[in-house]
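Enquirer: model this:
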Amino acid sequence: MLPFEITFAVIIGVLTVVIGILVKIIGFPDQFRKNFKRKSTRGLSTIFIVLAFVSYILWTLHGALQGDWVLILGQGVGIITTGMIVYQVIIYRNK
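Expert: As a prediction, this is how the structure comes out:
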């Protein structure tokens, strides 16, 4: 017997976390590797990346204020992955 009831909301919550983390651990790191190989972020939307980074920060803070570990974990990974690309934008911009 599980310590919680499996409901539609629980299934959607789990899928949201899993898919969200996959995007963040596959999609953004893949972009990071491409940027690193080229030593450039040319063609990348800087505005999109910065907005995504700020969005992840705000959602993580919201999760912390609400005590919601799903938000904290899922969005916290986004801070790390988009933060890496923001860093690349900064260092490659001058080259």
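Enquirer: What residues sit buried inside stretch 50-69?
Expert: For stretch 50-69, the neighbour count (16 or more other CB atoms under 10 Å) marks 52-53, 56-57, 59-60, 63 as buried. Glycine gets a C-beta too; all of them are placed from N, C-alpha and C.
Enquirer: got it, and stretch 10-30?
Expert: Quick answer for stretch 10-30 (16+ other CB under 10 Å): 17, 20, 24, 28.
Enquirer: Over to stretch 74-86?
Expert: For stretch 74-86, the neighbour count (16+ other CB under 10 Å) marks 74-79, 81-86 as buried.
Enquirer: what's near enough to touch the residue nearest in space to the middle of the chain?
Expert: Centroid-nearest residue in the chain: Gly78, 1.8 Å away (criterion: CA atoms, centre = their mean). Shown in contact with Gly78 (CB atoms under 8 Å, 6 or more residues apart in numbering): 20, 24, 28, 52-53, 55-56, 59-60.
Enquirer: hang on, the earlier thing: want to try a markdown table for the buried residues of stretch 10-30, with pLDDT, secondary structure and distance to Phe4 as columns?
Expert: Output for the buried residues of stretch 10-30, formatted as a markdown table (pLDDT from 0 to 100; DSSP: H, G, I helix; E, B strand; the rest coil; distance: CB to CB, whole Å):
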| residue | pLDDT | secondary structure | distance to Phe4 |
| --- | --- | --- | --- |
| Val17 | 77 | helix | 15 |
| Gly20 | 80 | helix | 20 |
| Lys24 | 83 | helix | 25 |
| Phe28 | 87 | helix | 31 |
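Enquirer: will you turn those residues into TSV that also has distance to Arg93?
Expert: Putting the buried residues of stretch 10-30 into TSV (distance: CB to CB, whole Å) gives the following:
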residue	distance to Arg93
Val17	33
Gly20	28
Lys24	23
Phe28	18
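Enquirer: Which pLDDT does the model give Leu22?
Expert: What the model reports as pLDDT for Leu22 is 84.
Enquirer: Quick check: the gap between it and Pro29.
Expert: 11 Å (CB to CB, to the nearest Å).
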